[in-house]
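S.K.: got a predicted structure here, sequence first:
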Amino acid sequence: MAESGIRLYYKNVTAEVIGVENGITDAQFDDLVAEFDGRSSKTGPLITELNRQRAAGRTPYRDLPYNTEYPADVKQLVSELAGRCENFVVLGIGGSALGNIALQTALNPYMYNIDDAQRKGRPRLFVFDNVDPVQFGSFLDWVAGRLDRTIFNVISKSGQTVETAAQFMIIRRLLLDKIGSEGLRNQVIATTDATKGILRSISEDAGFRTLIVPEGVGGRFSVLSPVGLFSAAMCGIDIDSLLAGAKDMDKRVRCEEFSRNPAAVIAAINWHYYNRGKNISVMMPYSYALRDLADWYRQLWAESLGKAKGHDDKQVDIGPTPVKALGATDQHSQVQLYREGPNDKLFTFLQVENFNRDLKTGPAPAPAPELGYLAEKDMGVLLNSEKTATEYALLDSQRPCITVFFPEVNARTVGEFIYLFEVATSFTALLFRINAYDQPAVELGKEATFALMGKPGKKDRDLARQIRSLTEVDKKFLV
Ligand code: PA5
C-alpha cells in the first residue's frame, strides 16, 4: 500500500470491540476468508474469479484507468474550448451525472461557481439530473443571454433516457432560436455510445463533437471514462492523478490475499452483516467535500446489488440498502436513530486526516467562559473529534463501524476511493451470486413513462390505460 493512499480500518466490527452478538468473531472471519479463498463449498476463490472475469473482458470498467485514448480525447477538447467556455452544463442522470457531481464537490472549492478567484479562469459547472421545470427554468433564464459562452455536454449511454432527452430538446430549441444551427453545433458536445443509439444519430446529423461511453461499462461504473473525466478536466481537476489513484488501488484490489485486499474486506463485512439482519449500509463522510461521493456510492450499491434474481435465475430478492449521511450535520438528525433504533446498520465513515486548510475558532467571548474549552482550536480537529465521538457512541451501542481514512482529499485519493468501491461492489455481487451490472427493475418505470407521455403503438396505449386505471386518484382515500 502506498503510504499516501487511503486505508480501510475495520477493527470496530470485531466481537472484541462490540461483543459476540453484533461483532465478527475470529471463527466468523475465518469463514469469510474461506468464502474468498475457495475453501467454502458454496463459492470458488472469489478474488481469482473476479480477476478471471476481468481477463475475460467481463468487467471493462476495471481497465478504464489504463486507457490512454479517453483522457487524450478529453484533453484535446478541453484545450479547444479553453478561453471560450464560461459555463459548462452537464445534462445526464444516474451514472451519467452522479460521478460528475462527486468529482466536482470533492476536488473543487465550495465557492467554485460563485467566486472567479477560486475558479481561476475555469468554467462554472452545472449538472442537471432531473426534469423539474422550476429548477431548469430558473437556469434557462440565467443562461439564455450567455449561450455563446456555454458548453452543453449531453451524456447518455443509451441515448433514450427520457429525462436527458427532454433537457436536451429544450436546450436544442433554445440554441437554435438564439444562435442558430451553427451555434447548436458549436455549443453541444455529446458523450454516448461509439456507434449506436439515438444520441449518436442526433450527433451525426447535427455535427456535434462526441466523446465515447465505452462498450460494456454501465453508467454507475463509468465515472473514470469520458463520462466523468470531461467535466472534471474542464473544471481544472487533475484527471491523470485521478486515474493514477485508481491504478494504485487496482494493485491492491486484485491481490489474491484476502487480508491485504480492502475491496474484499469491505464486501465480506457487508455480506456478513446483511446475512445477519444488518441490511442497511450507512456511508457517513466527515468531510463536506466527500458528501457527494456518498451519493455516488448510494447509486452504485443500490442499482448493482438490489436484485430479485440470482445466478441460474434463482429468486433471491437481495440488496443491502445504502444510506448517505453527513458528519457532523447528521449527528443532529440521524444519530438518535442510529444508536437507539434497530441494530440493523453497518456504518462506513470517511475520515480526512489532513484537511486542505484549517481554521482556528478564536478566543472565547468574555461572557461565555464555558466556551473556553473551544478557544483557539482547529475546526478540522473538532470535526474529526466529532467523528471519533460518534463512532465511540455507536460502538457503545454495539453498532459495527468501519472507516476509510483519506490522508488528504485530492485527485489521487478520490481515484483510489472510486475504484475501491467499484470493485467492492463486484465482490459483494459475487458473494450474493447476482449480476452487478444490470438494472432490470428500472425498465418498467421507464416503459411506463414512455407510455404515459404518449409513445405511439398499441402496446404503449394499452399500458397507459392500465397504469391510469391503477393509479387514478380514488377520492374515497383522499383526506
Ligand atoms: O448506472 C446506470 O446504468 C444508470 O444509472 C444510467 O447511468 C442512467 O439510467 C442513465 O442512462 P443513460 O446514460 O443511458 O442515459
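M.R.: Arrived safely, thanks for sending. Computed from a predicted structure; not experimentally measured.
S.K.: please count neighbours and contacts with C-alpha atoms only from this point.
M.R.: Will do.
S.K.: so, in contact with the ligand or not, the helix or strand E204 falls within?
M.R.: Using DSSP states H and E, E204 sits in helix 198-206. No - Helix 198-206 does not reach the ligand (C-alpha under 6 Å from any ligand atom); its nearest approach is 9.5 Å.
S.K.: what packs against that helix?
M.R.: The contact analysis (3 or more C-alpha pairs under 8 Å, 6 or more residues apart in numbering; DSSP states H and E) places helix 198-206 against strand 188-193.
S.K.: domains of the protein?
M.R.: In terms of domains, the chain is parsed into 7-45+256-432, 62-241 (source: automatic domain parsing).
S.K.: give me the residues contacting the helix holding E204.
M.R.: S156, S158, G159, Q160, L184, R185, A190, T192, D193, A194, R209, T210 (C-alpha atoms under 8 Å, 6 or more residues apart in numbering).
S.K.: how many residues are close by D73?
M.R.: Neighbourhood size, D73 [other C-alpha atoms under 10 Å]: 15.
S.K.: nearest residue to it in space, please, no chain neighbours.
M.R.: Excluding the flanking residues, the one nearest D73 by C-alpha to C-alpha, 6 or more residues apart in numbering is L211, at 7.4 Å.
S.K.: which stretch of helix or strand covers L243?
M.R.: helix 239-253.
S.K.: what residues does that helix touch?
M.R.: Contacts for helix 239-253 (C-alpha under 8 Å, 6+ apart): 1-2, 62, 65-66, 71, 224, 229, 232-233, 260-264, 411-420, 423.
S.K.: in helices, which of those residues appear?
M.R.: Using DSSP state H, the subset of the contacts of helix 239-253 located in helices is 71, 229, 232-233, 262-264, 411-420, 423.
S.K.: filter those down to the ones near the ligand?
M.R.: Okay, of the ones in helices among the contacts of helix 239-253, nothing touches the ligand (C-alpha under 6 Å from any ligand atom).
S.K.: tell me the secondary structure for F152?
M.R.: Per DSSP: H, G, I helix; E, B strand; the rest coil, the secondary structure class of F152 is strand.
S.K.: beta partners for it?
M.R.: Beta bridges link F152 to V89, V188 when assigned by DSSP bridges.
S.K.: residue contacts, it?
M.R.: Neighbouring residues of F152 by C-alpha under 8 Å, 6+ apart: F88, V89, V90, L91, Q187, V188, I189.
S.K.: then the one helix or strand L350 maps to to PDB, C-alphas only?
M.R.: According to DSSP H and E, L350 maps onto strand 345-352. Coordinates of each C-alpha in strand 345-352 appear next as PDB, following Å, rounded to 0.1, in the frame of the first residue of the first chain:
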ATOM      1  CA  LYS A 345     -27.000  -1.000  10.100                       C
ATOM      2  CA  LEU A 346     -23.300  -1.100   9.200                       C
ATOM      3  CA  PHE A 347     -21.600   2.300   9.300                       C
ATOM      4  CA  THR A 348     -18.800   3.300   6.900                       C
ATOM      5  CA  PHE A 349     -17.200   6.500   7.900                       C
ATOM      6  CA  LEU A 350     -15.000   8.600   5.600                       C
ATOM      7  CA  GLN A 351     -12.400  10.500   7.600                       C
ATOM      8  CA  VAL A 352      -9.800  13.000   6.300                       C
END
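S.K.: show me where the stretch 251-400 of the chain has helices.
M.R.: With helices called from DSSP state H, counting those that start in this stretch, the stretch 251-400 of the chain shows them at 262-274, 291-305, 335-340, 379-396.
S.K.: centroid-nearest residue for this protein?
M.R.: The centroid of the chain falls nearest to W296 when counting by C-alpha atoms, centre = their mean (1.5 Å).
S.K.: which pLDDT value belongs to that one?
M.R.: pLDDT for W296: 98.
S.K.: for the ligand, see how far away it is.
M.R.: W296 sits 10 Å away from the ligand, taking C-alpha to the nearest ligand atom, to the nearest Å as the criterion.
S.K.: hmm, that residue is touching T105, no?
M.R.: No - W296 lies out of contact with T105 (C-alpha atoms under 8 Å); the separation is 11.6 Å.
S.K.: the closest residue to G23 other than its chain neighbours and the ligand, how far apart?
M.R.: Among residues not flanking G23 along the chain, A15 sits closest, at 3.8 Å (C-alpha to C-alpha, 6+ apart). Separation of A15 from the ligand (C-alpha to the nearest ligand atom) stands at 36 Å.
S.K.: how many neighbours does A15 have?
M.R.: 18.
S.K.: and if you look at L199?
M.R.: For L199, the count of nearby residues is 25 (other C-alpha under 10 Å).
S.K.: tell me how far it lies from I212.
M.R.: 11 Å (C-alpha to C-alpha, to the nearest Å).
S.K.: which neighbours do those two share?
M.R.: The contact sets of L199 and I212 overlap at T192 (C-alpha under 8 Å, 6+ apart).
S.K.: can you give me the strands for the protein?
M.R.: 7-9, 87-91, 124-128, 150-155, 188-193, 209-213, 280-286, 307-309, 315-318, 321-324, 345-352, 401-406 (DSSP state E).
S.K.: okay, now D26: neighbour count?
M.R.: D26 is flanked by 12 other residues according to other C-alpha under 10 Å.
S.K.: start and end of stretch 151-161, how far apart?
M.R.: Where stretch 151-161 begins and where it ends lie 20 Å apart, using C-alpha to C-alpha.
S.K.: is that stretch positioned near the ligand?
M.R.: Yes - contact between stretch 151-161 and the ligand, assessed by C-alpha under 6 Å from any ligand atom, occurs at S156, K157, S158, G159, T161.
S.K.: which bits of this protein sit near the ligand?
M.R.: I93, G94, G95, S96, S156, K157, S158, G159, T161, G218, G219, R220.
S.K.: may I see the ChimeraX selection of the buried members of these?
M.R.: Selection of buried members from the residues of the chain next to the ligand for ChimeraX, criterion 16 or more other C-alpha atoms under 10 Å:
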select :93,94,95,96,156,157,158,159,161,218,219,220
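S.K.: next, give me the two most distant ones among the residues of the chain next to the ligand.
M.R.: Maximum pairwise distance among those (C-alpha to C-alpha): 15.6 Å, between G159 and R220.
S.K.: let's have the strands of the chain in JSON lines, adding mean pLDDT.
M.R.: Shown next, in JSON lines, are those (pLDDT from 0 to 100):
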{"stretch": "strand 7-9", "mean pLDDT": "98"}
{"stretch": "strand 87-91", "mean pLDDT": "98"}
{"stretch": "strand 124-128", "mean pLDDT": "98"}
{"stretch": "strand 150-155", "mean pLDDT": "98"}
{"stretch": "strand 188-193", "mean pLDDT": "98"}
{"stretch": "strand 209-213", "mean pLDDT": "97"}
{"stretch": "strand 280-286", "mean pLDDT": "98"}
{"stretch": "strand 307-309", "mean pLDDT": "96"}
{"stretch": "strand 315-318", "mean pLDDT": "95"}
{"stretch": "strand 321-324", "mean pLDDT": "98"}
{"stretch": "strand 345-352", "mean pLDDT": "98"}
{"stretch": "strand 401-406", "mean pLDDT": "98"}
